[in-house]
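Asks: From the sequence below, what's the structure:
(one chain, ligands or ions: 1)
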Amino acid sequence: MSAPAIVIGGGIVGLSLAVGMAEAGLAVIVLDGDDAEPRASYGNAGLIWVQGKGLNHPPYAHWTRRSAALWPDFAADLLASTGVDVEYDRRGGFNLCLSDAELAARAAMVEQSAARPGMPDDVAIVDPAFIRERLPDVGPDVIGASWCPTDGHVNPLFLSQALSIRARALGVEIRRGEKAEAIAMTGSQLTVRTASDLYRAARVVVAAGLATERIAATAGMTVKLKPVRGQIVVTERLPPRIAHPTPTTRQARAGSIMFGNSHEDGVTAPGTTLPILAGHAQRAIREFPFLAETRVLRSWGAIRVMPTDGMPIYARSETCPGAYAVACHSGITLAAAHARLVGPAIAADGLPDDVATLSSRRFDAAYA
Ligand SMILES: Cc1cc2nc3c(=O)[nH]c(=O)nc-3n(C[C@H](O)[C@H](O)[C@H](O)COP(=O)(O)OP(=O)(O)OC[C@H]3O[C@@H](n4cnc5c(N)ncnc54)[C@H](O)[C@@H]3O)c2cc1C
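Replies: Purely as a prediction, here's the structure:
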């Protein structure tokens, strides 16, 4: 098989890149796994979140905000081109604090950010009156919050659907159940081996979630990832009550409320545990007491694709020219930048300058 470009991985990161590459004029084949794969794209919280990102690395703070700024147009274009409303909404987000220790930690985060030259200054600590004006249903235990007007959210399942439709309309062929095993250089061409085929291409992008580390290594790229499980609870549908998302709670447009934000390092099995779900419920009820009377419909656990230092990775192979790898935790937040900036840059055989310091060279001992 021969194709100008191959994207390995059909999750939100792979599809965002494929759309960007196809919009730049490349014919793209997406090789994707099967339903047994862990798919963070189907199990996430749907936040387009900037506060707290890149605290130790201003270029990442700016990159995440650049993507957030691209989101309004990106969502509007997806609606116009696919008919799918991804329920994008940006009214600002709160990180609610339930104790002095939590509030002190958020205040320290804001101060640390303000003290660092070049950091955006869009996050503020706000008092209960400010919060209640915007979230009248918060409980008395909420003593403050950090607030960022740039934070928002989206429906990640509708985003997956819109990206698939958009990709196919642009001629992208999505092959499910066709897992890539390795990349190599054969003469002057890149090859991708699957169990049953050998593909030749001028451009190959690995965006296969947690499998990216192994596949990218076959093309000489160092991508360091770890699995981190997150568990989420979803309630019945209610009239609108939570107008602004928080990292632990958001209300979808259809009315259901998602809550819970847990991080289990190294856990690879999707699924849920009662102690964590109970902890989610206890916190959610302190944040929004009306939730005590709300019925829970379902819960799930999904596995994050977490770079070991938390920041996105944009790798370009030196041994296999034309091969790239992209892996990140915040694939929903960064979807607009991936489609609008990274995909077209890869189509032109490069990466945007914005991500120069987010390359995989940071994992290279010789480079450090
Ligand atoms: C609980 C939870 C909450 C989250 N909340 C947010 C949030 O609020 N905001 C946000 O921005 N992000 C959030 N994320 C992160 C976000 O979901 C991920 O960054 C994003 O979904 C990663 O997409 P991906 O395409 O890289 O990976 P995945 O969705 O895991 O997809 C990887 C794809 O690669 C395929 N694949 C695997 N191996 C191969 C192979 N060998 N060959 C071909 N294909 C292969 C798989 O079949 C799969 O389709 C959250 C994640 C979790 C788990």
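Asks: does Gly260 really touch Thr235, like I thought?
Replies: No. Because the distance of 11.1 Å does not satisfy Cβ atoms under 8 Å, Gly260 is recorded as not touching Thr235. All C-beta spots, glycine's among them, are computed from the backbone N, C-alpha and C.
Asks: These two - which one has more neighbours?
Replies: Gly260 (24 against 19; other Cβ atoms under 10 Å).
Asks: For the helix or strand harbouring Phe130, name the packing helices and strands.
Replies: With elements delineated by DSSP states H and E, Phe130 resides in helix 128-134, which encompasses its position. The contact analysis (3 or more Cβ pairs under 8 Å, 6 or more residues apart in numbering; DSSP states H and E) places helix 128-134 against strand 93-97, strand 144-148.
Asks: is the ligand contacted by stretch 185-200?
Replies: No. Contact between stretch 185-200 and the ligand is absent, the nearest approach being 7.4 Å (criterion: Cβ under 6 Å from any ligand atom).
Asks: Could you check the helix holding Phe130 and say which residues are buried?
Replies: Buried positions in helix 128-134, judged by neighbour count with 16 or more other Cβ atoms under 10 Å: 131, 134.
Asks: Send me it as CSV with only the CA atoms.
Replies: Backbone C-alpha positions of helix 128-134 (Å, rounded to 0.1, in the frame of the first residue of the first chain) are rendered in CSV as follows:
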residue,chain,number,x,y,z
PRO,A,128,-17.3,33.1,47.7
ALA,A,129,-19.5,36.1,46.7
PHE,A,130,-17.9,36.1,43.2
ILE,A,131,-18.4,32.4,42.9
ARG,A,132,-22.1,32.4,44.1
GLU,A,133,-22.9,35.1,41.6
ARG,A,134,-22.0,32.7,38.9
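Asks: Quick one: mean pLDDT for that helix?
Replies: Mean pLDDT, helix 128-134: 98.
Asks: quick one: contacts of that helix?
Replies: Contact with helix 128-134 is made by 92, 94, 96, 138, 142-145, 147, 243-244, as judged by Cβ atoms under 8 Å, 6 or more residues apart in numbering.
Asks: now that helix, how far from the centre of its chain.
Replies: How far helix 128-134 lies from its chain's middle: 29 Å, per Cα atoms, centre = their mean, to the nearest Å.
Asks: Next: stretch 233-249.
Replies: Between the centre of stretch 233-249 and the centre of its chain there are 20 Å (Cα atoms, centre = their mean).
Asks: Return the residues in contact with Leu26.
Replies: With contact taken as Cβ under 8 Å, 6+ apart, Leu26 is in contact with 4-5, 203, 347.
Asks: Then Leu190?
Replies: The contact partners of Leu190, taken as Cβ under 8 Å, 6+ apart, are 6, 183-184, 200-204, 219, 320, 322-323.
Asks: Now do the phi/psi pair for it.
Replies: Leu190 adopts backbone torsions of phi -80, psi 140, taken as degrees, to the nearest 10.
Asks: distance of it from Gln231?
Replies: Between Leu190 and Gln231 the distance is 39 Å, computed by Cβ to Cβ, to the nearest Å.
Asks: next one: Leu15
Replies: Separation of Leu15 from Gln231 (Cβ to Cβ) stands at 25 Å.
Asks: Helices of the stretch 51-200 of the chain, start to end?
Replies: Secondary structure of the stretch 51-200 of the chain by DSSP state H, counting those that start in this stretch: the helices cover 58-82, 100-115, 128-134, 156-169.
Asks: now, which of the contacts of Leu190 lie within strands?
Replies: With strands defined by DSSP state E, the entries of the contacts of Leu190 inside them are 6, 183-184, 200-204, 323.
Asks: Can you show me the strands along the stretch 151-300 of the chain?
Replies: 152-153, 173-175, 180-186, 189-194, 198-206, 225-237, 249-251, 256-259, 264-265, 296-307 (DSSP state E, counting those that start in this stretch).
Asks: export the helices and strands packed on helix 128-134 to TSV and tack on distance to Arg175, mean pLDDT and mean neighbour count?
Replies: Formatted as TSV, the helices and strands packed on helix 128-134 follow (distance: least, Cβ to Cβ, whole Å; pLDDT from 0 to 100; neighbours: other Cβ atoms under 10 Å):
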stretch	distance to Arg175	mean pLDDT	mean neighbour count
strand 93-97	37	98	25
strand 144-148	40	98	24
